[in-house]
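[1] Return a 3D structure for these sequence lines:
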Amino acid sequence: MTTALPMTVPAPGLPARVRIHEVGARDGLQNEQGTVPTEVKAEFIRRLADAGLTTIEATSFVHPRWVPQLADAEQLFPMVRDVPARLPVLVPNDRGLDRALTLGAREVAVFASATESFAKANLNRTVDEALAMFAPVVTRAIEAGLSVRGYLSMCFGDPWEGPVPVEQVVRVSRRLRDMGCDELSLGDTIGVATPGHVQALLTALNDAGIPTDALAVHFHDTYGQALANTLAALQHGVTTVDASAGGLGGCPYAKSATGNLATEDLVWMLHGLGIETGVDLGRLTATSEWLAGRLGRPSPSRTVRALGGAASHKES
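    Numbering: from 1, shown residues only. Down below sits the predicted model:
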């Protein structure tokens, strides 16, 4: 397959390089109805690293009852531990951290909510109760020499509560930062953010003492705004962007959600802007086509479809 490349036309005021935090192997696959074989997951991670991605979220050490798709975390992580990339894993509690430490994980993440409704739906706790649960996990992880990322869901809108006030997000973000999280990923879980809202939140977080270099953005493309919102974040100085190869994943609370921002779509835009990523778009596209074949459906990524052809998902 010959990979077309965008014409490079830099725009002023943007970072020279962006680190892509690839979430396809965890956030992308966790919503798949059919069980994806552990060997396929491992090969997916290896192919992503071969395409140049340097941060690949590998799995989540949650109870198998919560996320059956990730019940093979103990089997998967040793299979990819030698991959030349950062391999963060999600840990929901002390038990999850114990499992991650036993297998030699060096980076972990906790998953909080900016809203009470989602905290109760996702964690069966209030926001404060969830933060109290995470605090000792973060402390132990830091004492063990691990870096800790804090995911924050529903930063822009909530399916039950509607628009989320900026000050509410700032309050929970500040708690996670004070807890010891060295990076915060701001999640637009149902994909309702718009660029002005993104920049207003980032400014408010800076005003609250959270530096831009401690922030990452995680957009969903429900209303087609993910790339526009990413560009707004880049203009603010954000240099870490979450994305999912092939656009895998979505939110079960937004029926119209089209999933995570596709890594290929992000790379196309960044390379067109002259922003370095270290990612080989051809290899990345081929990886998403390969996985789509194993999932039995075409990739939702517009770039994968444009470069690979509509029939690529039929490949075995």
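[2] On the pLDDT front, check the nearest residue to V108 once chain neighbours are set aside for me.
    With sequence-adjacent residues excluded and distances taken as C-beta to C-beta, 6 or more residues apart in numbering, V108 is closest to V91, at 4.7 Å. The way it works is simple: take the backbone N, C-alpha and C, and place the C-beta from them, glycine included. Note on V91: pLDDT of 97.
[3] got the phi/psi numbers for V89?
    For V89, the backbone dihedrals are phi -130, psi 150 (criterion: degrees, to the nearest 10).
[4] Tell me the bridge partners for it.
    Note on V89: beta-bridge partners T59, V108, judged by DSSP bridges.
[5] wait, it sits on A73?
    Yes. Using C-beta atoms under 8 Å, V89 is in contact with A73, at 7.3 Å.
[6] Can you pull the residues that touch both of those two?
    Common neighbours of V89 and A73, counting by C-beta atoms under 8 Å, 6 or more residues apart in numbering, are 59-61.
[7] mind listing what's buried in the longest helix anywhere in the chain?
    What stands out as the longest helix in the chain, according to DSSP state H, is helix 127-143. The neighbour-count check on helix 127-143 (16 or more other C-beta atoms under 10 Å) flags 127, 130-131, 133-135, 137-138, 140-142 as buried.
[8] Let's have those residues in CSV, adding pLDDT.
    Supplementary listing: those in CSV, determined by pLDDT from 0 to 100:
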residue, pLDDT
V127, 97
A130, 95
L131, 96
M133, 94
F134, 96
A135, 97
V137, 97
V138, 98
R140, 98
A141, 98
I142, 98
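[9] Now do the helices in the stretch 151-300 of the chain.
    166-179, 195-207, 226-236, 263-272, 281-295 (DSSP state H, counting those that start in this stretch).
[10] quick one, phi/psi of the closest residue in space to A245 that isn't next to it in sequence?
    Distance criterion C-beta to C-beta, 6+ apart; nearest residue to A245, sequence neighbours excluded, is G24 at 3.9 Å. Backbone dihedrals for G24, given as degrees, to the nearest 10, come out at phi -60, psi -40.
[11] if we can go back for a sec, going by distance to G52, which of the buried residues of helix 127-143 wins?
    Using C-beta to C-beta, A141 is the member of the buried residues of helix 127-143 that lies nearest G52, at 27.7 Å.
[12] quick revisit: closest to V238 among the shared contacts of V89 and A73?
    Using C-beta to C-beta, the shared contacts of V89 and A73 come closest to V238 at S60, 24.2 Å.
[13] how deep is that closest one tucked in, by neighbour count?
    The number of residues packed near S60 is 23, by other C-beta atoms under 10 Å.
[14] going forward can the numbers begin at 11, since that is how I track them
    Understood, numbering begins at 11; the last thing we discussed is S70.
[15] Kindly provide the distance from the nearest residue to it once chain neighbours are set aside to T45.
    Among residues not flanking S70 along the chain, L100 sits closest, at 3.7 Å (C-beta to C-beta, 6+ apart). Distance, L100 to T45, using C-beta to C-beta, to the nearest Å: 19 Å.
[16] again, but for L186
    For L186, the distance to T45 - C-beta to C-beta - is 32 Å.
[17] Would you mind telling me which of those two has more residues around it?
    It is L186, of L186 and T45, that has more neighbours when counted by other C-beta under 10 Å, with 24 against 12.
[18] contacting residues for the more buried one?
    120, 122, 141, 144, 160, 162, 194.
[19] I am finished for the moment; much appreciated.
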